[in-house]
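# What follows is a protein structure lacking sequence information:
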């Protein structure tokens, strides 16, 4: 009896195991086994099928599920994948603008050998076995400098951030630390002393920020996914500019411990992937309450993640910005936006036409950038650091912080904006 075939109806009252046997009442019914044990027993004698059309050179070869399948059926190995993408990175003419720090190949090969030795049986491999990923350089990786693209603030952590520790425990392999807008401040991707990561679609267009290196590393086929941060679009904007997926989980549901803060009350760990399914997988694997993260929260009782519309046939409601708000966008963008709205309606969505909804989001944006909340970026730095190191900052970042200081904000202003946000 194959256990997977009876899952769902073969409960404890029906099945009991003794010496790996299945019994019904007093009579012997058969032997208990599972698919993995069958696969392990037969694999030395029968060659496993290779996934059709899989190739390291195909556009989707590094998708998490595609790569896991390739490993499972013997089409490739973690060592072969790491060698291939390392060669791809090394040959990239602007690799130093994408990665601030690369893990040495010899160290990566040792990690691959350990992984392959520990999990020879595909059925027992962890869910992210051999999956290569990049880490935004504001997120700690043990033994590797964290710079936030600001060399004067660089340090080398002794332990990895919680999210990176979870990912590596699940079999994922960190390739290196990716570039970002300095101090995670900006949405352009052009504010780093290490250069601007190249948009793979057009040298005339910016990569978006602040998680620029993360998005470019995924879009350029250098890693399977990137772990980054998102405060007010830092993960989603560059993903959109590079044709990949950017996902910002509900704040506090993925631990932020071991990550340099920009605006701590708004910061979130984010994921950059090639598909929504990959983002969903990473979210499910890493979410959870971390009692040592002071911004952590227990998961809400209702679904609020990328899989929230499993019962999409029953319909959902959504709103969009007003036509006047969209006038600042290009004609091409407006056309694509309209096509997206039509597609959501075709999926069963109901478009809510309420002109009072969008201004709430515009007001929140102004509070963050034109109000007092931007001062929280200063609070994330050592007290007095800006005064001492102002000239060492990127010119645009220096200008932003100077403007914040010039406002002369006081506690009264902060409370007024907090009250405005709660209206």
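Perfect, I can see it now. What you are looking at is a predicted structure, and each value in this text was computed from that prediction instead of being measured. Numbers count the residues shown, from 1 in each chain.
# Do a quick rundown of the strands in the stretch 51-200 of the chain.
Counting by DSSP state E, counting those that start in this stretch, the stretch 51-200 of the chain has strands at residues 99-102, 132-136, 173-178.
# Among those strands, single out whichever gets nearest to residue 289.
Closest to residue 289 of the strands of the stretch 51-200 of the chain is strand 132-136 (Cβ to Cβ; 22.6 Å). (C-beta placed from N, C-alpha, C; glycine too.)
# Note down every partner strand of the closest one and its orientation.
Strand pairing for strand 132-136, using DSSP bridges, gives strand 173-178 (parallel), strand 225-230 (parallel).
# on that earlier part again, distance to residue 108 and mean neighbour count for the strands of the stretch 51-200 of the chain - can I get that in JSON lines?
Below are the strands of the stretch 51-200 of the chain laid out as JSON lines (distance: least, Cβ to Cβ, whole Å; neighbours: other Cβ atoms under 10 Å):
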{"stretch": "strand 99-102", "distance to residue 108": "9", "mean neighbour count": "22"}
{"stretch": "strand 132-136", "distance to residue 108": "9", "mean neighbour count": "30"}
{"stretch": "strand 173-178", "distance to residue 108": "7", "mean neighbour count": "26"}
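# Compile the ones you listed into JSON lines and extend it with columns for mean pLDDT and distance to residue 264.
Below are the strands of the stretch 51-200 of the chain laid out as JSON lines (pLDDT from 0 to 100; distance: least, Cβ to Cβ, whole Å):
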{"stretch": "strand 99-102", "mean pLDDT": "98", "distance to residue 264": "23"}
{"stretch": "strand 132-136", "mean pLDDT": "98", "distance to residue 264": "16"}
{"stretch": "strand 173-178", "mean pLDDT": "98", "distance to residue 264": "21"}
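# what's the offset of the helix or strand in which residue 367 is found from the middle of its chain?
Residue 367 belongs to helix 358-369 when elements are defined using DSSP states H and E. Centre-to-centre, helix 358-369 and its host chain are 25 Å apart (Cα atoms, centre = their mean, to the nearest Å).
# can you check stretch 132-140 too?
10 Å.
# Turn the strands paired with strand 132-136 into TSV, including distance to residue 64.
Output for the strands paired with strand 132-136, formatted as TSV (distance: least, Cβ to Cβ, whole Å):
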stretch	distance to residue 64
strand 173-178	12
strand 225-230	7
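# Residue 353 is nearest to which of these?
Using Cβ to Cβ, those put strand 225-230 closest to residue 353, at 28.7 Å.
# gap between the closest one and the chain center?
4 Å.
# Kindly report the same for stretch 350-364.
28 Å.
# swap in stretch 126-143?
10 Å.
# and it, which residues are buried?
126, 128-141 (16 or more other Cβ atoms under 10 Å).
# How about stretch 150-165?
Applying 16+ other Cβ under 10 Å to stretch 150-165 flags 150, 153, 157, 160-165 as buried.
# related to what we said a few turns ago, what comes up buried for the helix holding residue 367?
Buried residues in helix 358-369, counted by 16+ other Cβ under 10 Å: 358, 367-368.
# other SSEs contacting it?
helix 411-421 (3 or more Cβ pairs under 8 Å, 6 or more residues apart in numbering; DSSP states H and E).
# what's next to stretch 279-296, contact-wise?
Stretch 279-296 is contacted from outside by 64-65, 127-128, 162-163, 166-167, 170, 225, 245, 247, 249, 251-257, 264-265, 267, 269, 271, 273, 297-299, 305-307, using Cβ atoms under 8 Å, 6 or more residues apart in numbering.
# Show the contacting residues for residue 259.
138-140, 161, 163, 229, 267, 269.
# now with 7 Å?
138-139, 161, 229, 269 (Cβ atoms under 7 Å, 6 or more residues apart in numbering).
# Could you export those as a markdown table, including pLDDT and distance to residue 192?
Output for those, formatted as a markdown table (pLDDT from 0 to 100; distance: Cβ to Cβ, whole Å):
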| residue | pLDDT | distance to residue 192 |
| --- | --- | --- |
| 138 | 98 | 12 |
| 139 | 98 | 16 |
| 161 | 98 | 20 |
| 229 | 98 | 15 |
| 269 | 97 | 20 |
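# Let me have the residues you listed in CSV, extended by distance to residue 418.
Shown next, in CSV, are the contacts of residue 259 (distance: Cβ to Cβ, whole Å):
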residue, distance to residue 418
138, 26
139, 28
161, 29
229, 23
269, 25
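# pretty sure residue 246 is in a strand, no?
Yes. When DSSP: H, G, I helix; E, B strand; the rest coil is applied, residue 246 is found to be in a strand.
# For it, give the beta-bridge partners.
residue 272.
# what about it, distance to residue 263?
18 Å (Cβ to Cβ, to the nearest Å).
# who's more crowded, those two?
A direct count of neighbours by other Cβ atoms under 10 Å for residue 246 and residue 263 places residue 246 higher, at 27 against 18.
# is it true that the more buried one touches residue 235?
Yes. Residue 246 is within contact range of residue 235, at 4.5 Å (criterion: Cβ atoms under 7 Å).
# show me where pLDDT drops low in the stretch 301-423 of the chain?
The stretch 301-423 of the chain contains residues with pLDDT under 70 at 301-314, 423.
# swap the cut-off to 80 and go again
301-315, 369-370, 421-423 (pLDDT under 80).
# what about the helices in it?
323-326, 331-346, 358-369, 376-379, 385-389, 395-406, 411-421 (DSSP state H, counting those that start in this stretch).
# Deepest in the core, which of those is it.
Stretch with highest mean neighbour count among the helices of the stretch 301-423 of the chain: helix 376-379 (a mean of 16; mean count of other Cβ atoms under 10 Å).
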